[in-house]
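Enquirer: give me the fold of what follows.
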Amino acid sequence: MDRDTLSWYETHSARYIERTDSFELFNGLEQDLLMFAKFLRSDSIVVDLGSGGGRDARLLAELGHKVIAVDASMALLRRCLGAAGPMRRIRGVNADLLALPFTHGSIGGLWACGSLLHLHRHEIPAVVRRCFEILQPGAPIGLSMKEGHGSERRGDGRFFTYTCTQELQGWLLNAGFERILISGPSRNDWLLAMAIKPQMP
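Expert: As a prediction, this is how the structure comes out:
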């Protein structure tokens, strides 16, 4: 995430959470997350990349998984962990997507809803490959990005990259994922990709 985008989230964390912290504001998103959760083994360690206010992390924890909430914004991460309250199944890691601090094959699932879209296009393939590396064999990734063309710097300073089904599939295939399923666009032009890291031969 570039400096201007991160600065916006640091400054406007309360406003952002108010706009995004309820599944009711995003028709179909809760169902998408529950579909992803069906691919998880019981009691998995799941990374929520770009966890924001913790909406998705809390649901995954309620389903019985250990969740690592990852966000580059310390302001958002504090609010995420605060909202979790006494729920001990969520811990936080302040990290950028370009430098994920996890060992190879250590993670049982990875959910990235709307987080990779803040990367520049040339950065995304390496991040998807890194996600592949840290996942355990047989573990799923759920990746959601907004459909569209090109990229833009919005008036508020945030940077956005848009994609299409073919490009999204290519990133996952080239990283080594299999059983790729892409649905959408839905939820105002959002694509959802589910894929699995192959089992060891």
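
Enquirer: which residues in the protein form strands?
Expert: 45-49, 66-71, 90-94, 109-113, 140-146, 151-153, 159-161, 178-186, 190-196 (DSSP state E).

Enquirer: output the contacting helices and strands for the second one.
Expert: In other words, strand 66-71. Counting contacts by 3 or more CB pairs under 8 Å, 6 or more residues apart in numbering; DSSP states H and E, strand 66-71 is packed against strand 45-49, helix 55-62, helix 74-84, strand 90-94. Backbone N, C-alpha and C define where each C-beta goes, glycine included.

Enquirer: buried stuff in the longest one?
Expert: What it means is helix 74-84. 75-77, 79-81, 83-84 (16 or more other CB atoms under 10 Å).

Enquirer: spatially nearest residue to Asp96, not counting backbone neighbours?
Expert: Leaving aside its sequence neighbours, Asp96 sits nearest to Ala72 (CB to CB, 6 or more residues apart in numbering; 4.7 Å).

Enquirer: that neighbour and Val93 touch, don't they?
Expert: No - Ala72 is beyond contact range of Val93, at 10.2 Å (criterion: CB atoms under 8 Å).

Enquirer: beta partners of Asp48?
Expert: Beta-bridge pairing of Asp48 under DSSP bridges involves Ala69, Trp111.

Enquirer: residue contacts, it?
Expert: 54, 56-57, 60, 67-70, 111-112 (CB atoms under 8 Å, 6 or more residues apart in numbering).

Enquirer: and what of Pro125?
Expert: 171, 174-175.

Enquirer: again, but for Phe177
Expert: By CB under 8 Å, 6+ apart, the neighbours of Phe177 are 132, 141, 195-198.

Enquirer: and what of Asn27?
Expert: Counted by CB under 8 Å, 6+ apart, Asn27 has contacts Arg187.

Enquirer: check what pLDDT it gets.
Expert: pLDDT, Asn27: 80.

Enquirer: related to what we said a few turns ago, by neighbour count, which of the contacts of Pro125 wins?
Expert: Most neighbours among the contacts of Pro125, by other CB atoms under 10 Å: Trp171, with 24 neighbours.

Enquirer: from memory it sits against Val128, does it?
Expert: Yes - proximity of Trp171 to Val128 meets the contact threshold set by CB under 8 Å, at 4.6 Å.

Enquirer: what do these two both touch?
Expert: With CB under 8 Å, 6+ apart, Trp171 and Val128 have no common neighbours.

Enquirer: nearest the geometric middle of the chain, what residue?
Expert: Ala112 (1.3 Å; CA atoms, centre = their mean).

Enquirer: how near is it to Ala14?
Expert: 23 Å (CB to CB, to the nearest Å).

Enquirer: returning to what we had before: now neighbour count, distance to Asp32 and pLDDT too, for the contacts of Phe177, in JSON lines please.
Expert: Output for the contacts of Phe177, formatted as JSON lines (neighbours: other CB atoms under 10 Å; distance: CB to CB, whole Å; pLDDT from 0 to 100):
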{"residue": "Phe132", "neighbour count": "20", "distance to Asp32": "21", "pLDDT": "98"}
{"residue": "Ile141", "neighbour count": "26", "distance to Asp32": "13", "pLDDT": "98"}
{"residue": "Ala195", "neighbour count": "28", "distance to Asp32": "14", "pLDDT": "98"}
{"residue": "Ile196", "neighbour count": "18", "distance to Asp32": "16", "pLDDT": "98"}
{"residue": "Lys197", "neighbour count": "25", "distance to Asp32": "20", "pLDDT": "98"}
{"residue": "Pro198", "neighbour count": "13", "distance to Asp32": "23", "pLDDT": "97"}
